[in-house]
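**Student:** here is my input; please provide its structure:
(chains A and B)
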There are 2 protein chains.
Amino acid sequence: MRLVVVGGVAAGLSAASRARRLDRSLEIVVLEKGNRISYGACGMPYWVEGQVRSMDELTVYKPEFFERERDIRIRTGCEVTTVQHSRREVALRSGERIRYDRLVWAAGARPAERIQHERVFNLHTDVDAERLQEFLRTRQPRTAAVIGGGYIGLEMATALRARGLAVTLFHEGTQLLHREEDWLTKKLVERLERCRVEVRLNTRAAAPAELPYDLVLCATGLKPNVEVMAEAGAELGRTGALRVSEQQETTLSGVYAAGDCCETTHVVSGRPVWVPLGTTANKMGRVAGSNAAGQRERFSGIVGTSVVRVGGMAVAMTGLSTQQARRDGFSPVDVLIESRARPKYFRGKMLQVQLVADRNSRRLLGAAIAGDEDAAGRINVVAAALAAKMRVEDFADLDLAYAPPYATVNDPLLVAAHQLRKALD
Amino acid sequence: MRLVVVGGVAAGLSAASRARRLDRSLEIVVLEKGNRISYGACGMPYWVEGQVRSMDELTVYKPEFFERERDIRIRTGCEVTTVQHSRREVALRSGERIRYDRLVWAAGARPAERIQHERVFNLHTDVDAERLQEFLRTRQPRTAAVIGGGYIGLEMATALRARGLAVTLFHEGTQLLHREEDWLTKKLVERLERCRVEVRLNTRAAAPAELPYDLVLCATGLKPNVEVMAEAGAELGRTGALRVSEQQETTLSGVYAAGDCCETTHVVSGRPVWVPLGTTANKMGRVAGSNAAGQRERFSGIVGTSVVRVGGMAVAMTGLSTQQARRDGFSPVDVLIESRARPKYFRGKMLQVQLVADRNSRRLLGAAIAGDEDAAGRINVVAAALAAKMRVEDFADLDLAYAPPYATVNDPLLVAAHQLRKALD
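**Tutor:** Sure thing, here's the model as predicted:
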């Protein structure tokens, strides 16, 4: 019995490792297109910034680890170009064909826009990061344009500032981070400008190669690597990513998918969504690996939690924004409060907390938190409440930890929840 | 219609304020035994330590605020010595009698042991804190004994060290913080000794006044102020604190209780518990005030969350320990893991995370977290999960925020949850 896993980063290696743990007799082969496996791509902006010293520091495991410790065969430099499911066979770019009994497709995503030009960069793979670092070191660019105001765009704008470049951030939309909240964009722009990043919202940049900057970074989003699977007959969802069951099985029996190539369920709305993130990829991979090894596990989905740091400020989000909630058929009510994260005498700083709830069911639907102190820890409390489909009343009664060095007696989360109760009455 | 509130700190003022918000015509009188209202007693160790400059900094509101802004009459220096419920009347120590239609008893708790001796101190009221500060300033003691290894004992041991005193901590039991976990006590003792606090566990100190130290602080726990109410006919629970309904009503109709004088329900075990904490007092007070003003609100109880800082380390706890769980009829299984709170390249430090679950229902029952980074934020995620009666599987799937400055891709909470899943299988 052979399990072939396509993709050797987060989802693929989670799947392979989990399958091995459940079945010691399975033959497991991981096919990775690139030359490096198991690296934390989310850390790459911090390598550019200088916080991380080398790509090796971002690499969790070498292939030998998997071969030796887990009896998982790792083949790098192997791009799968076709899947012929009737024959249970994948073909590599080299022409080689490999048979499988079970297949896990964890081929990830790729930049929506990739332009071959010496001054134009993406930051998606280890190769991208190495090429950018080389350029920064040898060419000493002085000006940079970052195109796209998502996570990577914001992280890279501040990372390039930290390297001393004059940075301009172009963003087509009016709101950053794909969260339709003016207050959040305002906070972000303020902070970016304090870092002396020039921000141009609502601006479609010229073609990257024609922009008059020493360096141009494209961070205009991703698209899922699904073409090979689609050609093999696997169904895509409305999001354009692979449709999978709760067991992470594609519409081809015995073929699983996990990570940035497939969609999942948004637990708050119940709808399929495509949110490519490493944390989710690991969870999906684990479930895909379990089921590929014959166990029955399910992944219930995400609530859409994320956090990003911009110039010392954390912006953390989970669940639905007011506008998303409305589109998903809820009657959203929201409040935005400002409250100190810790007592003034501990020099506690202000946090902005926005909570969204449904007027009819009084269910909590989402939150966004911005501030310089523990926004991430607090968004996770909301994430747990959303997973549990908690009502605002119950959330307001949460027994949160209090001691002056860590919190205020009325935590900002509870202050916001009480305001929201009032707004719902 | 007159509402009399006995007690002018957390619970009492929450009740009075809430009642006013719901009923503008109610006459509201707050009777406070002491001379100061609305102060954050939890901040007093930090005044001793020097982080807080004066008692005023810990005082949220002056009486005038309530009188002027909320039309609530505040009478300080008024100790209620009897309640005659058949006549709807309280009597003050002065002999004065005050009629009520509704009564909220929020008289708090008091130290279990209070010894009148010039070298012996408690840290319970503002007067205690002032007397201690005066003694430290004028007498310049060089050695101190702290009796009791609960929150106050630990906070005061390190606060007195910060003031330069040689401190010995005596604790009768073998485990600190009333959490029956040897690993936690070990971590605490290590940290206390690093602060050069001498720790004597399992040691019953001599009578405070006879201990050969310049200063002796008694922090041997509290008892609820219930005697007046008990005499008036209100029932006490098994914990010795006032028994109240979910509406915070005592067994005397129209008489409510809130805060450190009454018990509440532990949401995990379903049993009555007495856990005197300011955060809970505020929530109870709000509900007591609502119901006293004719609305119907309920307080569902606590999960027993707390956090304390000892020499830079946070120890945070929620729910049941393994031993508590066993006593409460569960079949507890627990794991203790150590995992980095943030990536190594962000100099993330280690967190110890212990999770407890029930073998039969697979419900999460409790957690303890110790470490120098964001233990409080993480314990709150568990607190939310406990309130929602979440199973370990669902907890392990939580969609927690990840970005390298704030967390690892597999958060310590999820690492622990996965270990616990395995232990349950």
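**Student:** what residue of chain A is the furthest out?
**Tutor:** The outermost residue of chain A, judged against the average C-alpha position, is A:Tyr345 (36.4 Å), by C-alpha atoms, centre = their mean.
**Student:** ok, the residue in the stretch 51-200 of chain A that chain B sits nearest to - how many residues close by?
**Tutor:** In the stretch 51-200 of chain A, the residue that lies nearest chain B is A:Val52 (4.6 Å; C-beta to the nearest C-beta). From N, CA and C alone the C-beta is placed, and that goes for glycine too. By other C-beta atoms under 10 Å in any protein chain shown, the residues close to A:Val52 number 22.
**Student:** so it sits against B:Tyr345, correct?
**Tutor:** Yes. Assessed by C-beta atoms under 8 Å, A:Val52 is found in contact with B:Tyr345 at 4.6 Å.
**Student:** overlap of the contact sets of these two?
**Tutor:** Listed as contacting both A:Val52 and B:Tyr345 by C-beta atoms under 8 Å, 6 or more residues apart in numbering or on different chains are A:43, A:46, A:58.
**Student:** quick one: contacts for the second one?
**Tutor:** By C-beta under 8 Å, 6+ apart, the residues touching A:Tyr46 are A:52, A:155, A:159, B:345-346, B:404-405.
**Student:** one more: the last one?
**Tutor:** Residues counted as contacts of A:Leu58 (C-beta under 8 Å, 6+ apart) are A:39-41, A:43-44, A:47, A:52, B:345.
**Student:** between these, which has the most around it?
**Tutor:** Neighbour tally across the contacts of A:Leu58 (other C-beta under 10 Å): the maximum, 27 neighbours, falls on A:Met44.
**Student:** is that residue in a helix, a strand, or coil?
**Tutor:** helix (DSSP: H, G, I helix; E, B strand; the rest coil).
**Student:** give me the distance between it and A:Glu57.
**Tutor:** The gap separating A:Met44 from A:Glu57 is 11 Å, by C-beta to C-beta, to the nearest Å.
**Student:** my guess is A:Gly34 contacts A:Ile74, does it?
**Tutor:** No. A:Gly34 is beyond contact range of A:Ile74, at 11.6 Å (criterion: C-beta under 8 Å).
**Student:** skip the chain neighbours and tell me the closest residue to the residue in chain A positioned nearest to chain B.
**Tutor:** Taking C-beta to the nearest C-beta, chain B has its nearest neighbour within chain A at A:Gly377, 1.9 Å off. Sequence neighbours aside, B:Gly377 is the residue nearest to A:Gly377 in space, at 1.9 Å (criterion: C-beta to C-beta, 6 or more residues apart in numbering or on different chains).
**Student:** list the contacts for A:Ala416?
**Tutor:** Residues near A:Ala416 by C-beta under 8 Å, 6+ apart: A:335-337, A:339, A:353-355, A:367.
**Student:** among the residues you listed, list the two that are farthest apart in space.
**Tutor:** The largest separation in the contacts of A:Ala416, counting by C-beta to C-beta, is between A:Ser339 and A:Ala367 at 13.5 Å.
**Student:** which residues are in contact with each of those two?
**Tutor:** Shared contacts of A:Ser339 and A:Ala367 (C-beta under 8 Å, 6+ apart): A:353, A:416.
**Student:** of the two, who's got more company?
**Tutor:** A:Ala367 (31 against 19).
**Student:** I figured that one hits A:Gly319, correct?
**Tutor:** Yes. Using C-beta under 8 Å, A:Ala367 is in contact with A:Gly319, at 6.1 Å.
**Student:** what touches both of those two?
**Tutor:** Taking C-beta under 8 Å, 6+ apart as the contact rule, A:Ala367 and A:Gly319 both touch A:356, A:382.
**Student:** re the thing from before, in TSV, list the contacts of A:Leu58 along with secondary structure.
**Tutor:** Formatted as TSV, the contacts of A:Leu58 follow (three-state DSSP):
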residue	secondary structure
A:Tyr39	strand
A:Gly40	coil
A:Ala41	helix
A:Gly43	helix
A:Met44	helix
A:Trp47	helix
A:Val52	coil
B:Tyr345	helix
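**Student:** please identify which of the residues you listed is nearest to B:Ala314.
**Tutor:** Ranked by distance to B:Ala314 (C-beta to C-beta), the contacts of A:Leu58 are led by B:Tyr345 at 22.6 Å.
**Student:** gap between A:Gly34 and A:Ala293?
**Tutor:** Distance, A:Gly34 to A:Ala293, using C-beta to C-beta: 25 Å.
**Student:** okay, those two: which has more neighbours?
**Tutor:** Higher neighbour count among A:Gly34 and A:Ala293: A:Ala293, with 21 against 16, using other C-beta under 10 Å.
**Student:** give the contact list for that one.
**Tutor:** Neighbouring residues of A:Ala293 by C-beta under 8 Å, 6+ apart: A:3, A:18-19, A:22-23, A:26, A:102.
**Student:** circling back to that earlier point, just put the contacts of A:Ala416 in JSON lines and tack on distance to chain B.
**Tutor:** Output for these, formatted as JSON lines (distance: C-beta to the nearest C-beta, whole Å):
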{"residue": "A:Val335", "distance to chain B": "17"}
{"residue": "A:Leu336", "distance to chain B": "19"}
{"residue": "A:Ile337", "distance to chain B": "17"}
{"residue": "A:Ser339", "distance to chain B": "14"}
{"residue": "A:Val353", "distance to chain B": "14"}
{"residue": "A:Gln354", "distance to chain B": "15"}
{"residue": "A:Leu355", "distance to chain B": "14"}
{"residue": "A:Ala367", "distance to chain B": "11"}
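**Student:** can you list the residues of the stretch 201-350 of chain A near chain B?
**Tutor:** A:267, A:277-280, A:282-283, A:299-300, A:302-309, A:314, A:316, A:318, A:343-346 (C-beta under 8 Å from any C-beta of the partner chain).
**Student:** how about a cut-off of 10 Å?
**Tutor:** A:264, A:266-267, A:275, A:277-283, A:286-287, A:297-309, A:312, A:314-319, A:342-347 (C-beta under 10 Å from any C-beta of the partner chain).
**Student:** inside strands: which ones of those residues?
**Tutor:** Among these, the ones falling in strands (DSSP state E) are A:264, A:306-309, A:314-319.
**Student:** how about A:Thr203, nearest residue that isn't a chain neighbour?
**Tutor:** Nearest residue to A:Thr203, sequence neighbours excluded (C-beta to C-beta, 6+ apart): A:Phe170, at 5.3 Å.
**Student:** pretty sure A:Val6 contacts A:Ala91?
**Tutor:** No. Using C-beta atoms under 10 Å, A:Val6 makes no contact with A:Ala91, being 11.6 Å away.
**Student:** so for those two, which residue has more residues nearby?
**Tutor:** It is A:Val6, of A:Val6 and A:Ala91, that has more neighbours when counted by other C-beta under 10 Å, with 30 against 16.
**Student:** rewinding a little: next, show the common contact partners of A:Gly34 and A:Ile74.
**Tutor:** Taking C-beta atoms under 10 Å, 6 or more residues apart in numbering or on different chains as the criterion, A:Gly34 and A:Ile74 both touch A:Gly8.
**Student:** give the contact list for the residue nearest to A:Thr203.
**Tutor:** Taking C-beta under 10 Å, 6+ apart, we find A:Phe170 in contact with A:145-149, A:153, A:157, A:198-206, A:208, A:211, A:216, A:219-220.
**Student:** identify the bridge partners of it.
**Tutor:** Beta-bridge pairing of A:Phe170 under DSSP bridges involves A:Ile147, A:Arg200.
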